[in-house]
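Chemist: give the three-dimensional model of this entry:
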Amino acid sequence: MSKQIRILLADDHNVLRQGMAQVLNAQPDMTVVAQASNGKEAITLAEQHQPDIILLDINMPEIDGVEAARQITARHPQIGIIILTMYRRDDYVFEAIKAGARGYLLKEVELDELLAAIRSVAQGEAVIDPAIATRVLAEFRQPSHSRQTSEEPSLSERDIEILRLLAQGLTNQEIGDKLAISEKTVRNRLSIIFRQLHIKNRTQAALYAMREGLVDPEDSPDE
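Modeler: Numbering: from 1, shown residues only. The predicted structure is shown next:
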């Protein structure tokens, strides 16, 4: 990749954070532009540095990672937030995704997988740790009685096909190639779909597709 990925690290464990910064700065396509030791600092530094990626722990003082992700996404939706944590609990995963995180990884993740996830999210993709992906996607596939309302989203057949391909891990360009439409058209349709479904990013879109049975969880690249 020719353009460097600018990264903000947010973790209250200083030794871990410094070590992570050294590893990422050693990559030819990555640079750590700032480090935060709590959620409040992360929000401030995100505003100042406008990074491409934020690696965000959940359990931090002042403001936790989920709330920090929510505030940062509201102001800067273009920033790719990856939760990097020790917590496997479903409620943390769901809340992080609802807050706008595009990735959720466990701290035990292998280095090459972490680097690949950073690069994928920087390109607009979504990443969920394989250790929790199956359980999360299965939960989202359960029927939601709360959705039995008069406000069911109305999606066209083309929109549903775009969602299905997105959930299979295809990029906008690959979706366009499959459907014989331009990458710009795919991007525009996704913006409309996101508004209709009241979702913020590709992670939530993929999970919606799984929940609605548009694609089988076994087809997900995160399995």
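
Chemist: residue 105 looks like it's in a strand, true?
Modeler: Yes: assessed by DSSP: H, G, I helix; E, B strand; the rest coil, residue 105 belongs to a strand.

Chemist: separation between it and residue 84?
Modeler: 5 Å (CB to CB, to the nearest Å). Backbone N, C-alpha and C define where each C-beta goes, glycine included.

Chemist: pull up the overlap in contacts between the two.
Modeler: residue 114 (CB atoms under 8 Å, 6 or more residues apart in numbering).

Chemist: okay, now the domains of the protein?
Modeler: Following automatic domain parsing, one finds the domains of the chain at 5-128, 145-219.

Chemist: longest helix of this structure?
Modeler: helix 183-197 (DSSP state H).

Chemist: follow-up on the earlier one: out of the domains of the chain, deepest packed?
Modeler: Comparing the domains of the chain by mean neighbour count (mean count of other CB atoms under 10 Å), domain 5-128 ranks first with a mean of 19.

Chemist: mind checking the end-to-end distance for it?
Modeler: 20 Å (CA to CA, to the nearest Å).

Chemist: now swap in stretch 119-128 and tell me
Modeler: Criterion CA to CA; first-to-last residue distance in stretch 119-128 is 14 Å.

Chemist: what comes into contact with it?
Modeler: Against stretch 119-128 from outside (CB under 8 Å, 6+ apart): 1, 5, 29, 52-53, 80, 82, 93, 102-105, 117, 136-137, 169, 171-172, 201-203, 206, 222.

Chemist: swap in 7 Å and give it another go.
Modeler: Stretch 119-128 is contacted by residues 1, 5, 52-53, 80, 82, 102-105, 117, 136, 171, 201-203, 206, 222 when judged by CB atoms under 7 Å, 6 or more residues apart in numbering.

Chemist: quick one: the helices in this protein, in order.
Modeler: Along the chain, the stretches classed as helices by DSSP H are 14-25, 39-49, 65-75, 90-98, 111-122, 130-140, 157-167, 172-179, 183-197, 202-211.

Chemist: which other helices and strands contact the first one?
Modeler: What it means is helix 14-25. In terms of contacts (3 or more CB pairs under 7 Å, 6 or more residues apart in numbering; DSSP states H and E), helix 14-25 is packed against strand 5-10, strand 30-36.

Chemist: in JSON lines: those, plus mean pLDDT.
Modeler: Converted to JSON lines, the helices and strands packed on helix 14-25 look like this (pLDDT from 0 to 100):
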{"stretch": "strand 5-10", "mean pLDDT": "96"}
{"stretch": "strand 30-36", "mean pLDDT": "96"}
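
Chemist: got JSON lines for those, with distance to residue 211 too?
Modeler: Formatted as JSON lines, the helices and strands packed on helix 14-25 follow (distance: least, CB to CB, whole Å):
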{"stretch": "strand 5-10", "distance to residue 211": "29"}
{"stretch": "strand 30-36", "distance to residue 211": "33"}
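
Chemist: out of those, which comes closest to residue 132?
Modeler: Across the helices and strands packed on helix 14-25, residue 132 has its closest neighbour in strand 5-10 (20.5 Å, CB to CB).

Chemist: what strands line up against the closest one, and which way round?
Modeler: Neighbouring strands of strand 5-10 in its sheet, by DSSP bridges, are strand 30-36 (parallel), strand 53-56 (parallel).
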